[in-house]
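In: pasting the sequence and the predicted model now:
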Amino acid sequence: MDIATSERTSVLVTGGNKGLGFAVRYAQALPEIKFNIATPGEVANRKFAATDMNHHTGELTVTEGTDSIVKLAMIDADGPTGTFIDRLGPVAW
């Protein structure tokens with residue numbers, strides 16, 4: 001699992017399904033820090049970004065794939081915690 005932190009006490013967690021569970025547990029245990037999960041695609045539409053890793057088979061551009069990550073990186077102190085989002089918005093657990 002990769003974790004990137006900033007001075008705004010937000011944490012971006014990547015690393016698949018295990019990351020979801022960690023984010024929820026950390027969000028509950030450390031309410032002063034925001035823990036959220038972003039997927040670089042569209043869950044409902046089953047779309048993902050075309051990258052070298054998937055031999056460019058995705059339907060989304062890399063820029064579109066970063067939409068959810070940028071949204072989370074820009075949240076402020078009143079923003080959400082313990083959420084899972086894709087480029088279209090919140091995803092139900």
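Out: Arrived safely.

In: contacts, neighbours, all on C-alpha from now
Out: Fine.

In: averaging pLDDT per element, find the lowest-scoring helix or strand in the protein.
Out: In the chain, the helix or strand scored least confidently by mean pLDDT, DSSP states H and E is strand 2-5, which has a mean of 49.

In: for Asn54, see how far away Gly79 is.
Out: 32 Å (CA to CA, to the nearest Å).

In: kindly report the same for Val43.
Out: Distance from Val43 to Asn54, by CA to CA: 17 Å.

In: of the two, who's got more company?
Out: Using other CA atoms under 10 Å as the criterion, Val43 and Asn54 rank with Val43 on top: 17 against 10.

In: residues contacting that one?
Out: Each residue near Val43 by CA atoms under 8 Å, 6 or more residues apart in numbering is listed here: Asp86, Val91.

In: now it: how far from Asp67?
Out: Noted for Val43: a distance of 13 Å to Asp67, by CA to CA.

In: what touches both of those two?
Out: Joint contacts of Val43 and Asp67 (CA under 8 Å, 6+ apart) are Asp86.

In: Arg87 contacts Val62, correct?
Out: No: in this structure Arg87 lies outside contact range of Val62 using CA atoms under 8 Å: 11.6 Å.

In: neighbour count: those two, which is higher?
Out: Comparing Arg87 with Val62 by other CA under 10 Å, the one with more neighbours is Arg87, at 21 against 16.

In: what does the residue lying closest to that one once chain neighbours are set aside show for phi and psi?
Out: Leaving out its chain neighbours, the residue that sits closest to Arg87 by CA to CA, 6 or more residues apart in numbering is Ser68, at 4.5 Å. Here is the backbone geometry of Ser68 (degrees, to the nearest 10): phi -70, psi -40.

In: okay, Ser68: pLDDT?
Out: Predicted confidence (pLDDT) for Ser68: 94.

In: next one: the most centrally placed residue in the chain from Ala29, what distance?
Out: Centroid-nearest residue in the chain: Ala38, 1.3 Å away (criterion: CA atoms, centre = their mean). Going from Ala38 to Ala29 by CA to CA gives 20 Å.
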